[in-house]
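Asker: Sharing a model that was predicted from the sequence below.
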Amino acid sequence: MKGVELIKFTAKQLFSSRKTFVLIALSFLPIVIVGAWMYQPEGSASELFSGVFIAIFLQFILLIISLLYGTSLINSEIANRTISYLSTRSLRREEIFLYRYIASIPVGFLIVAVPVAICLALLDIHTGSISTLKHLPGYYAIILIGFICYNAFFAFLGVMMKRPLMAGLLFAFFWEILLANLPGKIPYMTLMFYLRSMSHNMADTSWSYQMEPFSTAMSALVILSATAVFLLLGIFVFRNKDLVE
Amino acid sequence: MNIISASNLSKWYGEVIGLNQFTVDIGGGITGIVGPNGAGKTTFIRIITGMIRQNKGTVEVLGEKPWNNPSLNAKIGYCPEHEMLYPWMSAKEFLIAMAKMHGYSHSESERRAYESLEMVGLSKKDMERKIKGYSKGMKQKVKIAQSIVHEPELLILDEPLAGTDPIGRKTIIELIREMAKNGIHSIVSSHVLYEIEKLTEQVVLINDGQTIAAGNVHEIRKLIDKHPHTVNVTTSNARKLGMELMKKESVISVSIIDENHLSVKTHKPEVFYKTLPEIIVRKKYEVSEIYSPDDNLQAVFKYLVKK
């Protein structure tokens, strides 16, 4: 009951924040790209959406949403000094961290899930088939697991650092995008590699790496293990943190 | 039984010392924590509410350690000094959420939210409005309401009277007194001694992170009053007024600063403040200003620390 309330409270808080409006607007941008393709089609609808999903939804929008939500979950409460209202309730600090993290996942998911569905629906209406929409569950699974993992990392970053945005941006765009696209075995060190392996297996998205994709089960195992580590680290830091700005 | 027992509490932030071997035992009822800005009041309150952890020493609140202790949180209510709230929700929604996070059902939380907001004097219409449109005084009321929504045993209020208008101040003072009558203990911090005197006789004086004095406010007042009290007067005839004042038993010395200004030292300020207007009226002196540089806590604390 207490935890459910904190989840609801956090979700409402995220939905009511100004950045959510910006993120919603950003997540609808791929619809414009799909619209432009429909006007002057080139290549197949599946190929187009595969590219849009990897380059825009996964490597840009999901990372940005996760960065802004994850880092703010605890960090903004401390910076705004409203953490005192939460930390003096009948909840352990571990619970506060976990429930706020849990709340951030469906909020991020909803923001991305709606334009993904719209894009797929538009493409299938245009082609008169369900060649792309049939992959919707696969795409949704990738988005969900992406938020589960990245939100955990950014939430940890948010409790560990006073100003986590710069480090978060570096992680997102240097580590997760630049390193993930380097040749050789370097991409193994990024979470994006495993997300793209899953995406390739589950939604038949394009594969540009030299090495073979990991199996879905193995990729999920790596991602969920990393998530567990980030959550434990975040909880540990928050449990021992002085809640002063 | 002590409500709060702190022994040799020390807390530092890098090189800045917040509390320095702070020791205090606080009993039931209303207790004022008084000290100038930066004395360590907020640091102490943050420790007893579990927001920060001391570097050294021990502390118990209602017999329990406050750090990461949800069962203790259910027994204490905390009203912070800052006025930050959640602007996107109404006061009623905020209080319902806070009550639910203590484990109450929706209907029970709704009832408690309404009662608490009514107790602090927020109108029904204002309860439903978004907090972003609230005045400073209204926010103060909401902060206090959230601290009592779960009917705590101990209320901890950090500068609750700051930024309130006279009516709001009266409401809050009456509320704390009413809570005390119902057996709810209160710790109230302030940098203004006279504000605390309106609330309670039990005070803890704190300065530079240490306990300076603790006990009955009248005893502390006596201690303070022994300290030669300086009063500066601006008048059209400083010399004549000075000579009149020198005749009075309550006056220790008079310094004529210039034609229009004099400085008086008294060891009985209460008597002096009665005598001075009598002389002014009788002798028809023109006086434009009377003020005491000692009438601030910092001066009192400096005096007590020197002792």
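Answerer: Nice, I can see it. Numbering: from 1, shown residues only, chains lettered A, B, ... in the order given.

Asker: got the contact list for stretch A:79-90?
Answerer: Around stretch A:79-90, the neighbours that count as contacts under Cβ atoms under 8 Å, 6 or more residues apart in numbering or on different chains are A:2, A:6, A:74, A:77, A:93, A:96, A:243, A:245, B:49-51, B:70-71, B:73-74, B:76-78, B:80, B:82, B:84-86, B:98, B:101-103, B:146, B:150. Every C-beta, even on glycine, is put in place using the N, C-alpha and C of the backbone.

Asker: Quick one, which of these are buried?
Answerer: Applying a neighbour-count criterion of 16 or more other Cβ atoms under 10 Å in any protein chain shown, the buried members of the contacts of stretch A:79-90 are A:2, A:6, A:74, A:77, A:93, A:96, A:243, B:49-51, B:70, B:73-74, B:76-78, B:80, B:82, B:84-86, B:98, B:101-103, B:146, B:150.

Asker: Give me the subset of those residues that lies in helices.
Answerer: A:2, A:6, A:74, A:77, A:93, A:96, B:70, B:73, B:98, B:146 (DSSP state H).

Asker: from these, which is closest to residue B:242?
Answerer: Ranked by distance to residue B:242 (Cβ to Cβ), those are led by residue B:146 at 54.7 Å.

Asker: how about the helix or strand hosting residue A:36: buried residues?
Answerer: Taking DSSP states H and E as the criterion, residue A:36 maps to helix A:29-39. By 16+ other Cβ under 10 Å, the buried positions in helix A:29-39 come out as A:30, A:31, A:33, A:34, A:37.

Asker: Tell me how far the residue lying farthest from the centre of chain B lies from chain A.
Answerer: For chain B, the largest distance from the centre (Cα atoms, centre = their mean) belongs to residue B:240, which lies 40.3 Å off. Using Cβ to the nearest Cβ, to the nearest Å, residue B:240 is found at 55 Å from chain A.

Asker: Tell me who's in contact with that residue.
Answerer: Shown in contact with residue B:240 (Cβ under 8 Å, 6+ apart): B:283, B:285.

Asker: And for the one 10 residues further on?
Answerer: Contact analysis of residue B:250 by Cβ under 8 Å, 6+ apart lists B:266, B:267, B:268, B:271, B:272, B:275.

Asker: give me that answer again for 7 Å
Answerer: Applying Cβ atoms under 7 Å, 6 or more residues apart in numbering or on different chains, we find residue B:250 in contact with B:266, B:268, B:271, B:272, B:275.

Asker: before we move on, what about residue A:38?
Answerer: By Cβ under 7 Å, 6+ apart, the contact set of residue A:38 is A:122, A:126.

Asker: switch the cut-off to 8 Å
Answerer: For residue A:38, the contacting residues are A:122, A:123, A:126, by Cβ under 8 Å, 6+ apart.

Asker: Grab the most central residue of chain A for me.
Answerer: Centroid-nearest residue in chain A: residue A:147, 3.2 Å away (criterion: Cα atoms, centre = their mean).

Asker: So that residue lies in a helix, does it not?
Answerer: Yes. Residue A:147 forms part of a helix when assessed by DSSP: H, G, I helix; E, B strand; the rest coil.

Asker: Which residue, neighbours along the chain excluded, lies closest to it?
Answerer: Nearest non-adjacent residue to residue A:147, counting by Cβ to Cβ, 6 or more residues apart in numbering or on different chains: residue A:108, 4.5 Å away.

Asker: you'd agree the one you found is up against residue A:66?
Answerer: Yes. Using Cβ atoms under 8 Å, residue A:108 makes contact with residue A:66 at a distance of 6.2 Å.

Asker: These two - which one has more neighbours?
Answerer: The neighbour comparison of residue A:108 against residue A:66 (other Cβ atoms under 10 Å in any protein chain shown) goes to residue A:108, with 29 against 26.

Asker: and that one, what does it touch?
Answerer: Counting by Cβ under 8 Å, 6+ apart, residue A:108 touches A:62, A:65, A:66, A:69, A:147, A:151.

Asker: Sweet, I'm off.
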